Each structure stands twice: as structure tokens, then as C-alpha cells.
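Novice: Fold the stuff below for me.
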Amino acid sequence: MVEKNNRKAALKKLKTLAYTSKYNEKTYRARIEKAFSVDVLPNHVERTERDFGNVRCDVLVPELYSSKRIMFYVHGGCFVGGSRASYREFCSVLSDKACSRIVVPEYRLAPAYPFPAAIEDVQTAFRVLFTEEQIARSLDSNGESREENQPEVIIAADGAGASIAIALLLNLRERYRRCIKQVVLFSPWLNLSNSSPLKNGKKVCDEIMSADVLSRSGEVYTYSSNLENPLISPVFAAKELLEGFPPVYIQCGEKEILLDEAKNFTAMLKECGCDCRLETWPDMMHLFQMADEYLKESHDALDAFSRIIAGTEKGGNTVRQTFENKPKLEQSLKAEA
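Specialist: Next up, the predicted model:
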């Protein structure tokens, strides 16, 4: 636990996530890997690698996990950077907090692979993973009904990865959507268009994000006239696309300029009858959750995330879960690899 906040160190680390004009894609990616890659995963989480479709993925497994639950995590990085390696530490913490296996796909990055390459890779990996989970559940039904035996799928993402994750959801058929129990978004990018507050001259207090970051990222990801595509800027999604959306939980820092769009998106989902909760942390910056070695608020936010996944934030009892130890899953993964 952090005894005393070190905001300066947290900002220094988090600023490497911003794709500014100071760096080209090569140096930007190298900075992220240097700042976030680790040699040893925390909390005794173990990692294997799998191909889901033709997409290479990390599979992170905590010591104790729900046998039905699996999380699909789409990493951020301004569409240009980030990787399985740079997100292993953060996703390992999430895996332990959620008592869940986590799959992290290595999707193709802009500018070499612009929109919709990342979405295509994420869709491929998710659909193969989903099918495998359904088969695994059917083989281990234990007398449960078909509805009770469905996998408990969580989709999570941060930053620009949230745009990709929501595009995945908008493209999913109903049979997939029904099994998604929760969507979790950390500091999501929801509007890359020229109407974004980051581009319209509004005075901002954001210590990480800027108009430069959002503009450069959008320019390498797609062409200008496509920035209002709901698969890129979800705030432009039509009501019929959002109806039947899974429950959404969003975390933002109070100092983020992206907070306004998170509020707009939350209102849009609620208007469509969807369950959406936005939680903010005072005086916190973009993706403060990823600086947990420096900020107590990061631990508090991840504890809140844990309660959302466990189902204890809604006033009722936690849904009964069957938990398994890691060795059984490790053996099954090795057998399938």
C-alpha cells in the first residue's frame, strides 16, 4: 500500500502514455515499454501465450479465479503503442482483483495498420475465445441449465482501447452480447472528432491529455471525415445501436478533459435503458489507476473495480461463484496450445 502519494512520479510515468508531437511512433512505443514492462508479474499471477484465431494473446491467471468468469482486455496506447508486455503488470493486478482469467490481445497498431485493423483483430480473438468458453462450459455443466451455464464474460479497456472495445460491442450479435456481464472502461476515449472539447479551444486542466495527443492519434488511425464514425467516436452511436448494451462501469479522474464525454456517454446509455455507472476521483489525472505504486487513489479505484465485478456494489449478495485453483487451468491451457 502506498503510504504517501508521489504525484510527480505518477505524472512522469503516465505522461509516457501520451502520443505527443515530440515523438514518432517508434520512440513513443519504446517509452511505453520502458515505463510499464516488468520482469515479474505481481500477486503470483502466471502468464501463458495463446493464439485466438490468428491473434497472439496473453492469458493471465491468478491464484484463485471464478471458473465461469473471463475478462477480455483491450489495451490503450493512442492506437499507436501499448502491447501485451507493457500491460502485463496492470492486467495482472486486475486479474487478481477480479478473481478472473484475463485475455489480452496483441492487435495491430497504426499508422502501419490503421482503422479498422485493430477492431478486426479484437473481434477475431474475442469470437474464438467466446466459442472456446462456451464449449468448456458445456463440457462442465454439472446439471446447470443452459442459461446458468453460459460463460461470464467481462470486456475491459482503457484510453483509446475503449474506442476499440466499444466498436467490438457495437458489432457483436445478440448471442454474444447476452453473455457479457460487465463492461469496464478506464478513462475512455469516446470522441475523437473535431467537436471534442480537447479540440475546440476549451481551457483544460488535464495534466496528461491534450488536443495535440487526440489530434495526432486520430490522424494516424483514420481519415478526418471518418472521426465521427461511432466505431471510432462512440458518442455518435445511434440509439438503436446502444439498446441492449451490457452494464457499463466507467472510472475517470476528476481533472480529465475526457470526463465531459464520459458523462455524455453515460447519459446516452441511461436514456436507452442501459445500466451505466460513472465514478470519478477528485484531483486525479488520466489513467491514474496505472500508477498504483505512487497513488493511494489508484488502490481505492481498483478496489471499487473489484466490488463491481463481484457484484457487491448493488446492495445485494454476491452472486454465487465456483472458484478453482490455478494448476487445473494451467494444464488445460498447455494442452490446448
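Novice: wait, isn't residue 289 in contact with residue 186?
Specialist: Yes. Taking C-beta atoms under 8 Å as the contact criterion, residue 289 and residue 186 are neighbours in contact, 5.5 Å apart. Where C-beta positions appear, they are placed from N, C-alpha and C, glycine not excepted.
Novice: shared neighbours of those two, which are they?
Specialist: Counting by C-beta atoms under 8 Å, 6 or more residues apart in numbering, the residues touching both residue 289 and residue 186 are 158, 251.
Novice: For the stretch 1-150 of the chain, which segments are assigned as helices?
Specialist: Defined through DSSP state H, counting those that start in this stretch, the helices belonging to the stretch 1-150 of the chain, from first to last, are 7-14, 25-36, 88-98, 117-139.
Novice: Format the ones you listed as JSON lines; extra columns: mean neighbour count.
Specialist: JSON lines is the format used below for the helices of the stretch 1-150 of the chain (neighbours: other C-beta atoms under 10 Å):
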{"stretch": "helix 7-14", "mean neighbour count": "17"}
{"stretch": "helix 25-36", "mean neighbour count": "16"}
{"stretch": "helix 88-98", "mean neighbour count": "24"}
{"stretch": "helix 117-139", "mean neighbour count": "18"}
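Novice: Which one of those lies nearest to residue 238?
Specialist: When the helices of the stretch 1-150 of the chain are compared for distance to residue 238 using C-beta to C-beta, the nearest one is helix 117-139, at 17.8 Å.
Novice: Parallel or antiparallel, list what pairs with the helix or strand just after that closest one.
Specialist: Going down the chain from helix 117-139, the next helix or strand is strand 152-158, by DSSP states H and E. The sheet places strand 152-158 alongside strand 69-74 (parallel), strand 180-186 (parallel), with pairing taken from DSSP bridges.
Novice: any idea of the mean pLDDT in strand 152-158?
Specialist: Confidence over strand 152-158 (mean pLDDT, whole number) is 97.
Novice: again, but for stretch 61-75
Specialist: When the per-residue pLDDT values of stretch 61-75 are averaged, the result is 95.
Novice: and it, C-alpha only, in PDB?
Specialist: Listed next in PDB are the C-alpha coordinates belonging to stretch 61-75 (Å, rounded to 0.1, in the frame of the first residue of the first chain):
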ATOM      1  CA  VAL A  61      -4.300 -16.500 -14.400                       C
ATOM      2  CA  PRO A  62      -4.500 -15.500 -10.700                       C
ATOM      3  CA  GLU A  63      -4.100 -18.000  -7.900                       C
ATOM      4  CA  LEU A  64      -7.800 -18.100  -7.300                       C
ATOM      5  CA  TYR A  65     -10.400 -17.500 -10.100                       C
ATOM      6  CA  SER A  66     -14.000 -17.900 -10.900                       C
ATOM      7  CA  SER A  67     -14.400 -20.900 -13.100                       C
ATOM      8  CA  LYS A  68     -17.100 -19.200 -15.300                       C
ATOM      9  CA  ARG A  69     -15.500 -15.700 -15.400                       C
ATOM     10  CA  ILE A  70     -13.100 -14.500 -18.100                       C
ATOM     11  CA  MET A  71     -12.100 -10.900 -18.900                       C
ATOM     12  CA  PHE A  72     -11.100  -9.700 -22.300                       C
ATOM     13  CA  TYR A  73      -8.900  -6.600 -22.000                       C
ATOM     14  CA  VAL A  74      -8.200  -4.100 -24.900                       C
ATOM     15  CA  HIS A  75      -5.200  -2.100 -24.000                       C
END
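Novice: Go ahead and confirm residue 217 touches residue 79.
Specialist: Yes. Under the criterion of C-beta under 8 Å, residue 217 lies in contact with residue 79, with a separation of 5.4 Å.
Novice: could you measure the residue nearest to residue 43 when sequence neighbours are not counted against residue 42, distance?
Specialist: Once flanking residues are discounted, residue 43 sits nearest to residue 96: 3.9 Å by C-beta to C-beta, 6 or more residues apart in numbering. Taking C-beta to C-beta, to the nearest Å as the measure, residue 96 and residue 42 are separated by 7 Å.
Novice: before we move on, what about residue 76?
Specialist: Distance from residue 76 to residue 42, by C-beta to C-beta: 20 Å.
Novice: if you count what's nearby, which of those two comes out ahead?
Specialist: When neighbours are counted by other C-beta atoms under 10 Å, residue 76 and residue 42 differ, and residue 76 comes out ahead with 27 against 15.
Novice: check contacts around that one.
Specialist: With contact taken as C-beta under 8 Å, 6+ apart, residue 76 is in contact with 17, 82, 157-162, 189, 287.
Novice: This completes my enquiry, with thanks.
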